[in-house]
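**Q** build me a model from this:
(chains A and B)
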Amino acid sequence: MSESPPMRSTESGDRARFLGRVASRRKTATVPHEYAAHPIPSLRGVIPTIEYVPLANNAVDEFILHAEKVNATVYRPNTASVPEVLAKLVATRDIKSVVFSNHADLDPVRATAEDLGLEILANVPAESVRADLAITVADAAVAGTGSILQDSSRSGSRSVSLLCRIHLAIVNTNEIVATPADVLRHRKTPADMPPNLVLTTGPSRTGDIEQILTVGAHGPVELYIALVEPDPTAS
Amino acid sequence: MNNPHKLASTTLRERTAVALDDPTLRPKLRRALGHFDEGRKAALRHIENPLELRQAARAMRTEIMARLPEILQRLADNVIAQGGNVHWAVDAEDANAYIAEVAKRKGAKLVAKSKSMATEETGLNEALSAIGAEPIETDLGEWLVQLDHKAPSHIIAPAVHMDRHEVKQLMKRTQGASDDLGTTPPELVAFARQRLREQFLAADIGITGCNLAVADTGSIILVMNEGNGRMVTALPKVHIALMGMERVVENWDQADLILNLLARSASGQDLSSYTNIITGPGDQAESDGAEEFHLVIMDNGRSDILGSKYEEMLNCIRCGACLNVCPVYRQVGGHAYGWVYSGPMGAVLTPLLQSEEPHSAELANASTLCGACMEACPVEIPLQDLLLALRQDKALEASRSEKLAWKAWSMAWSKQRSYEASMKASNIGSKVAGDGTRLPGLRRWAQGRALLQPAKRSFRQRWADGDV
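**A** Reported below is the predicted structural model:
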């Protein structure tokens, strides 16, 4: 690859001509064509509220049920500390190396990893590609779909939760929201967007071979989620 | 309009004959498509108000098309504000040329692609190979068909026409797999994972499509299960996204409406494994990610559809639900349609986007007009109305002799005397026609049909004679 500096904020092609053509086509029909049998409803700018059929009566249980449906394994709050979960995974899932996202909250877990004799890899793809396990803090979670949200600027990379065989994500229960829009709706301008956000719903999967679901494709093969409650003593 | 990737020069009839000759195809389709469709229905039941949402999605997408120029302006400005590069591509050749130019400037040798129908539409892979930038498909199904030198046969399941044994043979033939490679899906997938991972890490450029762009924030959304879309946007230093100009919404509430319908309609999932939202190139806080982000906004015939009676086709979100319920697609699969888009949406889009090709208009005949497609469509595109309109357009262009024949028939049957005369004539005619195979011009039509014999005496005669 050549070393020319990256291109930023350029524009090419002929915007005026491109959009002029679109606009002139738009003028040929000021209202969209309708087929009498199937008239187009009018929205009047209002998107209906999206409600899911609940499986549980509280957000934590709702999240757990949906996450388990998509093959994630969830640890309920207060059942095991994150270091305990780590120790259990190391004992049972053939883990020799780990990579951490850049969240400061993970320092105690890092100490446990050292104690367990794991190789701790740097959060850069050249190293993290060898990681058996990745541990990250999720920025939010969606109860209605069992998803976790990762902002790669806060994680320190896009690949930390992607290249590993096993991903352990820590979710604070007060970051659980109901629907995907709840983590997106407030981001109204480009400045509100990090370069890369991922809503992860279960481990990677494919059905491309005979439409038989195989869990574990290019991304992590296993996803563990540890729910933690916010520390009541924190200010 | 210049598109190097053209509709096949064979006829629909020739291609369906090939499909129907393959006895293994229909069971594969039946199993796969049934599974997708059952999944769609089950997943929609998880929403309290799915019908209302589908109607709202239809209205919302239609309203977007009404203001497309201003929305695309905003999208482009916001992408540029975040450090992204925007190219306005008039047609396929223009899009391919821009992408090839970026690849050449970067000295790229290996380009990793995640699934993109738009790049199939433009035939991008050939343009990249031509300048020495080898493109490799990374979606498992797309990779398989690429290795097999075939076109994908379904939007969501590109390799639906291959079974596990064919996959193993392909791995042996092209990837040096040994004969001990297992044929269970997990073993085959694990083999592919390891092979493709090497490519992800070596790729100079990552190319994606764009499931949906969000104008207010200058973002693009990539929806995937395997994680390859994340790979090609995390590891290579350059990310190029090709989008059809209609694949845009304004804000997150609109995007969320579509996201709630897309995975459910495509594969029965509430959300796919990864919904990846990318806004411009990466920043300092990431140790990876693209330094350079390009969004190629492509017209390639879509503006011809805008403002026409086919405009609702632009609302399509490429979920594949219509393929799964179509009685024609279920019999013949995707290759019979001869281009990148198949099933009902392909039967509408191909005549519109490939109108200069012979044999494109006939694709609108690949339908029973049953309407199952509209019922499955998350944005309620009235596909059967569009197909009928396409057929009417084609009939207007029918040859003079065909038009005269229809006119003569309609005149004969508009008057009682000539109607009765023709009924008597058909009695005689049926004796001549026999089973139809002896009639010139009707032989092929008569094959596979039982030619009904008119009654010896017409109903009118029996009534007049008091026998009824």
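**Q** wasn't residue B:296 part of a strand?
**A** Yes. Residue B:296 sits within a strand when classified using DSSP: H, G, I helix; E, B strand; the rest coil.
**Q** could you give the bridge partners of it?
**A** residue B:87, residue B:242 (DSSP bridges).
**Q** for residue B:241, see how far away it is.
**A** The spacing between residue B:296 and residue B:241, counted by Cβ to Cβ, to the nearest Å, is 7 Å. To be clear about C-beta, it is placed using only N, CA and C from the backbone, and glycine gets the same treatment.
**Q** now residue B:129
**A** On the measure of Cβ to Cβ, residue B:129 and residue B:241 end up 20 Å apart.
**Q** more neighbours: these two, which one.
**A** residue B:241 (25 against 13; other Cβ atoms under 10 Å in any protein chain shown).
**Q** that one contacts residue B:298, correct?
**A** No. With contacts counted by Cβ atoms under 8 Å, residue B:241 stays clear of residue B:298, the gap being 10.7 Å.
**Q** nearest residue to whatever residue of the stretch 151-300 of chain B ends up closest to chain A in space, please, no chain neighbours.
**A** Chain A sits closest to residue B:227 of the stretch 151-300 of chain B, with a gap of 2.7 Å, by Cβ to the nearest Cβ. Closest residue in space to residue B:227, ignoring its immediate chain neighbours: residue A:219 at 2.7 Å, by Cβ to Cβ, 6 or more residues apart in numbering or on different chains.
**Q** so, low pLDDT: which residues of chain A?
**A** A:1-3, A:234-235 (pLDDT under 70).
**Q** residues near the residue of it found nearest chain B, how many?
**A** For chain A, the residue closest to chain B is residue A:219, as judged by Cβ to the nearest Cβ, at 2.7 Å. Residue A:219 is flanked by 29 other residues according to other Cβ under 10 Å.
**Q** so what's it up against?
**A** A:162, A:203-204, B:226-227, B:230-231, B:273-274 (Cβ atoms under 8 Å, 6 or more residues apart in numbering or on different chains).
**Q** and the furthest pair within those?
**A** Across these, no pair lies farther apart than A:203 and B:231, at 14.7 Å, counting by Cβ to Cβ.
**Q** which one of those two is surrounded by more residues?
**A** residue B:231 (29 against 24).
**Q** how about the more buried one, nearest residue that isn't a chain neighbour?
**A** residue B:200 (4.3 Å).
**Q** how close does that neighbour get to residue B:176?
**A** For residue B:200, the distance to residue B:176 - Cβ to Cβ - is 19 Å.
**Q** give me the more crowded residue out of the two.
**A** residue B:200 (27 against 8).
**Q** and the host helix or strand of that one, how far from the chain's centre?
**A** If you go by DSSP states H and E, residue B:200 is part of helix B:185-202. Its chain's average C-alpha position is 27 Å from that of helix B:185-202, according to Cα atoms, centre = their mean, to the nearest Å.
**Q** buried ones in the next helix or strand after that helix?
**A** Once the chain leaves helix B:185-202, the next helix or strand it forms, by DSSP H and E, is strand B:205-208. For strand B:205-208, a neighbour-count test (16 or more other Cβ atoms under 10 Å in any protein chain shown) marks B:205-208 as buried.
**Q** ok, those vs residue B:58, which is closest?
**A** Distances from residue B:58 to the buried residues of strand B:205-208, taken by Cβ to Cβ, are shortest for residue B:208, at 26.5 Å.
**Q** who touches that closest one in this structure?
**A** B:113-116, B:220, B:222, B:229, B:232-233, B:239-242.
**Q** list buried residues within those.
**A** So, by 16+ other Cβ under 10 Å, the buried ones in the contacts of residue B:208 are B:113-116, B:220, B:222, B:229, B:232-233, B:239-242.
**Q** mind checking which of those residues are in helices?
**A** B:229, B:232-233 (DSSP state H).
**Q** any chance of those in JSON lines, plus distance to chain A and pLDDT?
**A** Supplementary listing: these in JSON lines, determined by distance: Cβ to the nearest Cβ, whole Å; pLDDT from 0 to 100:
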{"residue": "B:229", "distance to chain A": "9", "pLDDT": "94"}
{"residue": "B:232", "distance to chain A": "10", "pLDDT": "96"}
{"residue": "B:233", "distance to chain A": "7", "pLDDT": "97"}
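**Q** in chain A, where's the longest helix?
**A** Per DSSP H, chain A has its longest helix at helix A:15-27.
**Q** distance between that helix and the chain's centre?
**A** Distance, centroid of helix A:15-27 to centroid of chain: 37 Å (Cα atoms, centre = their mean).
**Q** tell me which helix or strand in chain B has the weakest average pLDDT.
**A** helix B:443-446 (a mean of 68; mean pLDDT, DSSP states H and E).
**Q** beyond it, next helix or strand please.
**A** By DSSP H and E, the next helix or strand past helix B:443-446 is helix B:459-464.
**Q** send me that following helix as PDB with only the CA atoms.
**A** Provided in PDB are the C-alpha atoms of helix B:459-464 (Å, rounded to 0.1, in the frame of the first residue of the first chain):
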ATOM      1  CA  PHE B 459     -75.800 -23.100 -23.800                       C
ATOM      2  CA  ARG B 460     -77.900 -20.600 -25.800                       C
ATOM      3  CA  GLN B 461     -79.000 -23.400 -28.200                       C
ATOM      4  CA  ARG B 462     -79.900 -25.700 -25.300                       C
ATOM      5  CA  TRP B 463     -81.900 -22.800 -23.700                       C
ATOM      6  CA  ALA B 464     -83.600 -22.000 -26.900                       C
END
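**Q** what does the stretch 351-468 of chain B put close to chain A?
**A** B:374, B:380, B:382, B:385, B:389 (Cβ under 8 Å from any Cβ of the partner chain).
**Q** run a quick neighbour tally on the first one.
**A** As a burial measure, the neighbour count of residue B:374 was computed by other Cβ under 10 Å and equals 20.
**Q** so it, which of the three states?
**A** helix.
**Q** okay, and the residue most central in space within chain B sits in which element?
**A** Per Cα atoms, centre = their mean, the C-alpha nearest to the average position across chain B is that of residue B:341, at 2.8 Å. If you go by DSSP H and E, residue B:341 is not part of any helix or strand.
**Q** quick one, what contacts it?
**A** Per Cβ under 8 Å, 6+ apart, neighbours of residue B:341: B:117, B:121, B:155, B:349-350.
**Q** with respect to residue A:36, which of the residues you listed is nearest?
**A** residue B:349 (23.0 Å).
**Q** distance from the helix or strand that the closest one is a member of to the middle of the chain?
**A** Assigned by DSSP H and E, residue B:349 falls within helix B:343-353. Computed by Cα atoms, centre = their mean, the separation of helix B:343-353 from the middle of its chain amounts to 7 Å.
**Q** list the helices and strands that helix packs on?
**A** helix B:302-305, helix B:321-325, helix B:327-332, helix B:372-376, helix B:383-396 (3 or more Cβ pairs under 8 Å, 6 or more residues apart in numbering or on different chains; DSSP states H and E).
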